[in-house]
Structures are given as structure tokens and as C-alpha cells.
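S.K.: Structure here, sequence nowhere to be found:
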């Protein structure tokens, strides 16, 4: 995963443009069946319209001494996203109103965009800003804003049922690692794993979209079908550093996705930060909007807007590590496994079954013997057809994953039946 | 308000009699449209009967030395409410069984009544009681208990709908300020303010009743209509001191009135005492009785029975201050304003609206820009048609009053619709 | 009760056999109408089958020096329950695999059974085990495992309605006092008290069963009738020591039985240990199984598996005392009394009734007078037909038992009506 992120890192992505296409083309080498779609500028999408396509070839600033002091080719964060073309000479005093820096993080280049109002600008470290001499500067941004397309990727992996799990990630940020590449990279490797699974109860829909406008467009085209089929979903973002884990709920707050996410985090990681929907900031804003209300939440490592490197040049591939990505991947994979195993269970006999005659119970009763089979007997005691595996595991205070094998044994013995709706 | 309380203070009110009439007549000078009603003694009211009318002209006790030592004209608390007439001479030992004092508050005259059993009595300070000499006393109470009427006041202020807000206060205590006059005085000034409001969504019903028998009679005449129309109500009492604020819930506990009262208190005052319905003591006992169940609670300053001056001559116009009354008035007015603004809101577009094209969003996205419009976006995120303004404000942790202007802007932009029932 | 326990203590009970019959015969001398039932070995009961009948006449071990060192006649715990017959001579090394002791409780004889797999064994103190010399031992168990019967007792005490309270206790443990005899002994004395009560709203069904197989058989025969009639039930076990009180909920957790048990314990004992259904271990495992779901919980003194003497020879009649049994009896009796008094109450008048005219209210109103009648007025305030006595008592924070007399007075005055379903 870290290697894929390294390949994707230098590409200058934005809402639209060649950077997005290059990114998706690279991902199609990893994921069989990933479809790339193009949507024309000007296409309406609910309250929005697909913006012009932005492409950029070069951008720089030359200082009074003739030195190229800001160079898009050295770091693509140097140019404000969606900057209009410019080619002129101006005074220091005119230039500075187009320069963005972070006084409190003087060595970081900030990430700034102006998608919906025409502007141009450069982003530089505050250290560099403070060292700029007076005098005349030559400024060039070789960009284009034209009727073109918005590009996104979509992968559908069919399962045994039409019930779907939605994984959504975004591909619209330039060179940043945790708050961008960790998402599509983990999504790609989850897709590879899902495609290798021999059976899948659920179908999986994995989308790689520009944030906000991408998910709004996608919802505007597929809302009814998604509302019918999607049983749980996750926004994949910020999955690559090693510092913590984070959970951000859906708006409704107790959907299947939320229950799975919190159960897995509670049992598989040592600690995690639990946010509120008020702290939202990614595409759950659209998936959970009133009238959309898909069961979508986020499981992350360090959450966007909560770590110091966020939206700066410091969010790079030293912050995102192989171990960090592995942790993010593992937790999401555990969520998908739990979704695959989750069902409503109902015991088939009245009263406790006689486990002894099936070899499932110690035949000699001692002071400790009940403790040994507690999980199995507790599972049976709560398998009343109204509780799914997650609820049973919560009640008996074990990780649901520890019950997968027990469920198989008890089903094989004819003592349990499962169904996907409460009985 | 304090000046009106000062005018009303000396009047000797009781359940019935001229004192009530004088009080109501004085209030009609402030409130256009205040109707005064008379109900004949003997009229049944649910389990009760309107008592005889009690009037008192004079009352005193003359001590063995011929000195008038207790004098109704000096303080009307000196006579037990509803004392029957008496005119006799008796020994000290006979007199003392008719004298009431408070050993633990030796300089206070207690407030004592005997509405439903014929008695006579005088209330004096414990200091005075302890100084009484032996010997013969002359006692005179020039009162009458006759078939007459119970008097109450009623004001109806029509609004845009038949939905009503009920304000109930009482006018049956003699010279006491917090636990009597603060209620009708604040009610009077709220009425004046409501009459000056250009529009009112709700109609307002403001009643000035003798406590208990008055509200029981009123409910016996108008129960069905009140149950149909009253959406929220408040018992106005103990609104005049400066020490604290208090909230006493309705019996059902989470009516619209309760939600408004607790939201306003939580956001507008620095602290308040939250009581239980078990601590009730005024007309919510009737409004919230089983089978009546009107949505009525109390917002007070220092609650009856909880401050030392309660039901004594110390509950006077030094305890009740202009600032204290202003605080009581402000909180009730804020409750009525919130009722007027409260509605169920529903966003009209799917997904987040594009605020930028409406000039409602910063067009340049920076690290801090989301925070700036958080209230607006959070309002939209929770405006799903199932939550009223109070619930939305509670979820997003702001005072509902801070959302009034946002609601107006978003409605004007066509992004929000309001309704008075959940959609 | 302690005397009866003393009579029952020496009998060697097990799931089946003469010990159970002797025990039940002794109880029939105390309880008129106790029926003894026999169920043939091999009879199916849900997932189970009634086991062979086990009887034992003698058992001992003779050591290499010819001394009888383990003797069933000295303590019936010395023989593993359901031991098959054996008569042989064997080496020390062969013998030890049939010996059971508790290293951590070296002076206690453990209680061990092997109901469903043929075995034989002796239970001894760890001190004795460690002192056994090498050499040849003579072993004799004069037992029989034959087609016979399982025996249980059943008492039905008819009440005014077909609604039933179920009391279930077990009679399958040999000489142990808290975790065995306290249950049938308290059940016996509750039966005697119930039979002497002049009226009973509920019918009472009291069963004396071998644990697990007994309740499973009983449920397999009577499930529908029990589900129809049983409104509350208690497993009676561990009711005889003086250390604490314990509550173990039903599986559903808030049945009438649970509400009664927790209300009584909260108000009548100074402290109690509250367990979860996960801590279950007696016949609530069957009564509360999915698809059975009877409203049955347990009120105990020191709970099985939670006190050191449990399932050892130390659980004897010095641990169980007259005072301990009395405490257990008192709490259960209070539960049954509360069940008998519990009803949904509804006030018959609108608004507060006038208590004064009925002599139920002080006729002179003073600062303290409301407090004096608080319980009565609070009862009336919450008697809205949707709350039973337990809920009303919980709300007004008094013991329901303190409201029995008030309910009678208010019903007599025509102010309250009761019903057994919410109105």
C-alpha cells in the first residue's frame, strides 16, 4: 500500500483534470473491473453544477533578482487549486495578496483551493514569505479552466445478494498522504481482497470520487438504488498514520455501519477517538444528508482537521507509514468480515440443549466447568431471533469475531438457525 | 413592575372578597381586555364547591392594659385567612390557642388560612407572643362569611392560530411579594408586551385566579377546550427575587413547555435549580392532574417553600426588587419568543446546498473556513423535518435564539421549509 | 425452618432415587396437598431424556493397612454423584485418578457428579489425599443405575384468578445447606403461609424439582399453560446464610418478577449484590430460555458459585442459620405480598380531590401541612391508570408497602380505582 501511495503522491489531482485521470488509470492496474466515468462540465447535480475542468502545466514566480523562487514543479501545493491562468509582472505589494502561508506552521506549505470563484494564488511557507524582498516579480500560471469533464471511478463486486456495502473514497487532493492517498490506497487493497474471497454475502460498491461534488453527483444519479440496496457504508479517508484510530458516526448514529465500526474498534484497537456527526467533514455530509440518509460512517486513523499536518505539505509519506496503512486496512477489513458474518440467530430447541451428548460439554461437572463453555451457552441463551451477532456479542461482552466458529459449530449441530431479518 | 407590585401590596386578598376585586380592577387599568368573572358561592367544581365569600373590615386584640397590641390595619397577615367573626373577652390561656407564630423565625408574622373549616385566629411574631402578659384580652374580628362570589380575571389575546399558550397566576394572598405579587405583575407586563407584538402565531390565555379552587373551577368549565388548544403553559409565581432561577416540570415532564423552559434556562441564566414534580405546590397540581394533563410547567426565581421568607411577613418588597422582577420577566419572555419561533424545519434540497452561489459561504476554502459557517451547515444537516428548532439547537449545542436569523435567511433562499407538525 | 433443614440434611439426594423420595415424603408432612410425581427413565423432554435412576447403599475405600479410610456413611459427598457400581482392588496409582479434592480448600470435601457419562469416583479432602500411602486399596461402591424414575413434587394453591406465581426450588443435592436445603425449606414455609392467607389474588404453583433435567421436563409438559398463566416467578435457592442478599435478573430483565424483586430489596435490606443474567446458574437457565421466556428471576442470600463453601462439605448447617433463613423468607414473603397488592391505580376525579371534606387533610394550612399528606397526594397525582403500584412507589420514592393502607383508604373513599391491566 505504501508503495502505491508513493507512486500516486506526485500527481497533481484536483476536482477535475488530468491528475484525476492519471490517478484512476494507475488504480485500474491494481483493480480488475474499475470503471472510469466522465461527466461533462455544466451537468446539474441536485443544487450543484459540475464545474469547468481545470488543468495545469506549469506555474512559477520569479523574484526581482531573476530567481525562480516558487515552482509548481517542485511541489504542486504551491499553486492554489483551480487558479486561473496569469502571466504578468507585478510589485511585491500586489503579489502578497495572492500569497498564502501559515504563520503558526512557518515551514509548511498550506493547501488552498478556490473552486467556485475565479482567483489565482500561490501557497508558500511562512518562512519564505517573510524573506521575500521588495521589487518586481514575474508571475506565471499556465492553467486552463474549460468545459471538460469531471472524472470518477466505480467498482462493483457482485455478491450472493443485492444488498450492498458502499465504500467511498476521494481522489481530488494533490500531494497529500493521510488526508488523500491513504483512502484510495486502502480502498484498492480492500477491493483486491474482496475479489479474492471465495464467497461474499454482500455486493460491494467502491467509488473513487472528487470530494463533495463527486458524491453529490453520484447520489443525484443513483439515490433510489443506493437507498434500496446499501445496508452499510464507510467513507475511507485518513487511514495511514500510526497515532490513533477515530470514529465519526452517521447522522442517524446507530446504523449497521455504526454498530459494526464501534464494535470492531472497541475490541480490536487499544483506544480510539469517538467524534460526533457535528465534527463531520468529508462525504458523509452528503451520504447522511436529510432525505439521503444512507447508513454511512467513517473509521479513520488521525481524523482530518485534528492533526497538525492536515492540509499542508507536512501531510506526506513520512507521516503515512506501511504500519499505519496496515492498521487502517485491518480495521476496515474486520468491519467487512463482521458484516459478512452478522446475522440474526435463533436457537432451535426449547430450554438449554444437552451439549454433553454432542461432545460439546464436559461430562464431569466441577466447580469450574460452567465457565469453560460460557461463551457457547451465553450465545445460545441470547439467540432468540431478535438479536444479531453484534448485539449478542455486546451483551455477552466478547468480540463478535470470537463467535464466528461457535456459530458454525452450533449451526452444524442443528442448534442454531440464522436469518438476515429479525425473526 | 415593582411600582405596580407596590400599589397592590397593601390589599388584603383571599380566595374571595373585595380584596380580589380591588386587585383585578387595578390590573384592568394596565391590561386592555382583562375580563373579570364572578362565580357564586356553592357552585360545584369537580370534587369541590365554591366557598362562601369572606370579607374583613377590621380586627384587633386589646391587652389587659387596654392597649391595641395586634391590629389588622397595621398588617393584614395578622388575621388568619377566612377567620369567622368574633367579638369577646377571654383569658390569656384561652387566647393563646388562637395565636400563631413561628418560633424559628421570631420576628416574622406567619401566613395562615383556614378556608374549609370555621376558625378564627391571629398571627403574630414569636417575639410578641412571648411578651404577652397574663390577664383578660378583648378580641374583635369584624369579618363576614356569606353567600357571595369568587372573583377571577381572564384575558384572551388572539393570534394567527387557535393554538394557545396558557399563563396562569394567582391573586389570593394578602401582603406578600414573591409568592404572590411577582406572578400577576409579570403576567400583566407580558400581556402588555404580547398585545404590542405585530404578529402572534399563538393565541394567549392569561388567567388571574385564586390558587387551587380558582384553577379547579376554571378547568371544570373549560377542560375540553383547553385540552384541545393549549400547546404550552406556565404557572407564573415567585418571579421577583434576585437569588436564583428555578424550574418545576409538568407531571409528564417533557412537554413543549418543559422543553422550552429548560432550553431557555440552560442558555440564558448562569444557573438554575431543577425541581421534580414531587416538589410541586401551585396550580400545576391541577393543570397536570391525571385526566387533565395540560402541558404546563413553572419557571420561577426562588421557589415557594424553598426560601426562608416564604409565607411570612418577610416576603415583602425588599425581597422582591426591580432587577429580580426583570429577570423573571426576561426568562418568561424568552420562553414565549421561543414558542413563537419554534417549528419543524426541513431542508428542501438533497445533499448539502451550494452556499457559495448564494453568497452564504466563503468562496475560498481554508483550514478554518468550515468553522465559520458551522451553525448554518449544522442547522441544514439536522433539518430533516422530524426535529423542531429546540431539538436542532440542542443537538448542535447552541441557543435556539441564535438560529432565528439563520432560519429566516435559509427560508428566504428557499433552502428550508417550516411546519408546525413533524413532516 | 432450620430444624426442617436439619432433618433433611443427612439424606443422600441426587437427580433421581430414594433420597429424592424420602425428601419429598418428609415435606408432605409440612405441606398439605404436595403431589409427588414419578417420570420413567428414558422419557424425552425437549432435547433431553430422563436418565436412569441412581441409588446407592454403601461405598467405601479400604487402605493397604485394612482401614476403612473413606466411608459414604460418614458423609455422602464422599461418593461422586451417579457413580456406577464398583468392587475391586487396585493400586494407589490407579485409585488416584478416581479421587477428587480441592487443593485450594484442603479441608473441604468437594461435590462432584457425572450424570451423563458413566464413571465412578470418590471425593475427599485434599489433606486426606496427600496422606494416602502407596499400596493396594479395596474399593466398593454399592450403587445401581437402572431404569426407574425421576421424582418431583408439585403444589398448587388456588387463588381468586388463574394468574399464577411460580416458585421453583430443587431437591437434587446431597448434604449441602445453602445451595440446596435453604431453597426447599423456605419454599415449604412460604407454602404454609400462603395456605393460611384468607384470600389470594394469585394462584401459586410451587415445584420441588431436580435442577436442570427437572425443570426441563416440567416445562416440556406444561409450557403453554405456564406461558399463559405465570405472571411472575422466583427460583428459590441459596436463601440461608447471613452474609448478604443477591438478585439475579430474568433474561428479559424487567419482568414483573424483576420489578418486584428489585423494589423489595432496595427498600427492605440494607444492601444487595445485583448480578446479571450472564451470572445465571440455576433453573432460570430453563425458565428464561428463548422461546420459554417466563418472568422468573432469583432473590437469594449469598449466591451460588460466589461464596467459598459452595459445592463443598463446608456448605453446612453452621453456614445456614435460623436468622439467615428468616431473612431469606422475609424478602420472598415481601415479594409475594407486593405481588398481591400490586395493581394499576386510577384517580376517579379530575383535579385534586378535596381531602378536607373527607377528613383526610389538615383543615388548617400551615407552612408544613402539605408535607404531612405528601404520600397520599403524590399517590393520587401519579394514579393515572398507566402506572402500577410499584412504578408509583418508585416515582414518589417510598416503599410500595407504605402505600397499601393509603390505597385502601382512597379506594374506600371512592377516589381510586384499581385494575390489573393498564387503563
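M.R.: Perfect, thanks for sending it. From a predicted model like this one, the values you see are computed outputs, not experimental measurements. Numbering: from 1, shown residues only, chains lettered A, B, ... in the order given.
S.K.: Please make it C-alpha for all contacts and neighbour counts, starting now.
M.R.: Fine.
S.K.: burial of the residue of the stretch 201-350 of chain A found nearest chain C, as a residue count?
M.R.: Going by CA to the nearest CA, chain C is nearest to residue A:350 of the stretch 201-350 of chain A, at 6.2 Å. Per other CA atoms under 10 Å in any protein chain shown, the neighbour tally for residue A:350 reads 20.
S.K.: Could you pull up the residues touching it?
M.R.: For residue A:350, the contacting residues are C:46-47, C:289-292, by CA atoms under 8 Å, 6 or more residues apart in numbering or on different chains.
S.K.: hmm, try it at 7 Å
M.R.: C:46, C:289, C:291-292 (CA atoms under 7 Å, 6 or more residues apart in numbering or on different chains).
S.K.: Within reach of chain A, which of those are there?
M.R.: Among the contacts of residue A:350, proximity to chain A is found for C:46, C:289, C:291-292 (CA under 7 Å from any CA of the partner chain).
S.K.: so which of these is the most crowded?
M.R.: Highest count within the ones next to chain A among the contacts of residue A:350 by other CA under 10 Å belongs to residue C:289, 24 neighbours.
S.K.: Assign that one to helix, strand or coil.
M.R.: Counting by DSSP: H, G, I helix; E, B strand; the rest coil, the backbone at residue C:289 sits in coil.
S.K.: For the most centrally placed residue in chain A, which residues are in contact?
M.R.: Nearest to the geometric centre of chain A sits residue A:236, at 0.9 Å (CA atoms, centre = their mean). By CA under 7 Å, 6+ apart, the contact set of residue A:236 is A:167-169, A:183, A:187, A:298.
S.K.: if you set the cut-off to 6 Å instead, what comes out?
M.R.: A:168-169, A:183 (CA atoms under 6 Å, 6 or more residues apart in numbering or on different chains).
S.K.: Restricted to strands, list the residues you listed.
M.R.: Among the contacts of residue A:236, DSSP state E puts A:168-169 in strands.
S.K.: and of the contacts of residue A:236, the nearest to chain C?
M.R.: Distances from chain C to the contacts of residue A:236, taken by CA to the nearest CA, are shortest for residue A:168, at 39.3 Å.
S.K.: Hmm, that closest one is touching residue A:235, no?
M.R.: Yes. At 4.9 Å, residue A:168 and residue A:235 qualify as touching, with contact defined as CA atoms under 6 Å.
S.K.: Would you mind measuring from the closest residue to residue A:355 other than its chain neighbours to residue A:127?
M.R.: Excluding the flanking residues, the one nearest residue A:355 by CA to CA, 6 or more residues apart in numbering or on different chains is residue A:361, at 5.1 Å. Relative to residue A:127, residue A:361 is positioned 71 Å away (criterion: CA to CA, to the nearest Å).
S.K.: do residue A:25 as well
M.R.: Relative to residue A:127, and taking CA to CA, residue A:25 is found at 37 Å.
S.K.: got it, and residue A:105?
M.R.: 9 Å.
S.K.: same check, this time on residue A:54
M.R.: 29 Å.
S.K.: The two: which has the busier surroundings?
M.R.: Neighbour totals were compared for residue A:54 and residue A:127, and residue A:54 leads with 25 against 16 (other CA under 10 Å).
S.K.: so what's that one up against?
M.R.: Neighbours of residue A:54 in contact, by CA under 6 Å, 6+ apart: A:16-17, A:144-145.
S.K.: and these as CSV, adding distance to chain C?
M.R.: Supplementary listing: those in CSV, determined by distance: CA to the nearest CA, whole Å:
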residue, distance to chain C
A:16, 56
A:17, 59
A:144, 67
A:145, 64
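S.K.: Out of these, grab the one that's most surrounded.
M.R.: Comparing the contacts of residue A:54 by number of neighbours (other CA under 10 Å), residue A:16 comes first, having 29 neighbours.
S.K.: ok so, going back, just the pLDDT at the residue nearest to the centre of chain A, thanks.
M.R.: According to the prediction, residue A:236 has pLDDT 98.
S.K.: for the one 4 residues further on, same thing?
M.R.: Confidence per residue is given as pLDDT, and for residue A:240 that number is 98.
S.K.: which ones are touching it?
M.R.: A:178, A:182, A:320, A:324-325.
S.K.: Could you provide the residues you listed in a markdown table, with additional columns for secondary structure and pLDDT?
M.R.: Formatted as a markdown table, these follow (DSSP: H, G, I helix; E, B strand; the rest coil; pLDDT from 0 to 100):
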| residue | secondary structure | pLDDT |
| --- | --- | --- |
| A:178 | helix | 98 |
| A:182 | helix | 98 |
| A:320 | coil | 98 |
| A:324 | helix | 98 |
| A:325 | helix | 98 |
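S.K.: re the thing from before, of the contacts of residue A:350, closest to chain A?
M.R.: Distances from chain A to the contacts of residue A:350, taken by CA to the nearest CA, are shortest for residue C:289, at 5.2 Å.
S.K.: what about residue A:61, distance to residue A:121?
M.R.: Residue A:61 is 11 Å from residue A:121, by CA to CA.
S.K.: How about residue A:70?
M.R.: Counting by CA to CA - residue A:70 and residue A:121 are separated by 11 Å.
S.K.: Tell me which of the two has more neighbours.
M.R.: residue A:121 (24 against 20).
S.K.: Quick one: residues contacting the more buried one.
M.R.: A:80, A:98-99.
S.K.: buried subset of those residues?
M.R.: Among these, those buried by neighbour count (16 or more other CA atoms under 10 Å in any protein chain shown) are A:80, A:99.
S.K.: could the contacts of residue A:121 be laid out in JSON lines, adding distance to residue C:208?
M.R.: Converted to JSON lines, these look like this (distance: CA to CA, whole Å):
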{"residue": "A:80", "distance to residue C:208": "83"}
{"residue": "A:98", "distance to residue C:208": "89"}
{"residue": "A:99", "distance to residue C:208": "88"}
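S.K.: Looking at the contacts of residue A:121, which is nearest residue C:388?
M.R.: Proximity of the contacts of residue A:121 to residue C:388 (CA to CA) peaks at residue A:80, which lies at 68.6 Å.
S.K.: could you pull out the helices for the stretch 1-150 of chain A?
M.R.: A:2-8, A:18-28, A:92-95, A:126-131 (DSSP state H, counting those that start in this stretch).
S.K.: what about the second one, distance to the chain center?
M.R.: Read it as helix A:18-28. 18 Å (CA atoms, centre = their mean, to the nearest Å).
S.K.: And for that helix, what's in contact with it?
M.R.: So helix A:18-28 is contacted by A:11-13, A:34 (CA under 6 Å, 6+ apart).
S.K.: cool, and stretch A:386-394?
M.R.: Outside stretch A:386-394, the residues that touch it by CA under 6 Å, 6+ apart are A:342-344, A:400, A:422-423.
S.K.: and which of those residues is nearest chain B?
M.R.: Using CA to the nearest CA, these come closest to chain B at residue A:422, 26.1 Å.
S.K.: re the thing from before, for the residue nearest to the centre of chain A, list each beta-bridge partner.
M.R.: For residue A:236, the beta-bridge partners under DSSP bridges are residue A:169.
S.K.: Tell me where the model's unsure across chain A.
M.R.: Within chain A, the ranges that satisfy pLDDT under 70 run A:362-372.
S.K.: Break chain A down into its domains, please.
M.R.: A:2-51+A:149-341, A:54-144, A:344-419 (automatic domain parsing).
S.K.: Tell me which of the ones you listed is the most buried.
M.R.: Highest mean neighbour count among the domains of chain A (mean count of other CA atoms under 10 Å in any protein chain shown): domain A:2-51+A:149-341, with a mean of 21.
S.K.: Distance from it to the middle of the chain?
M.R.: 3 Å.
S.K.: first vs last residue of it, how far apart are they?
M.R.: Domain A:2-51+A:149-341: ends 29 Å apart by CA to CA.
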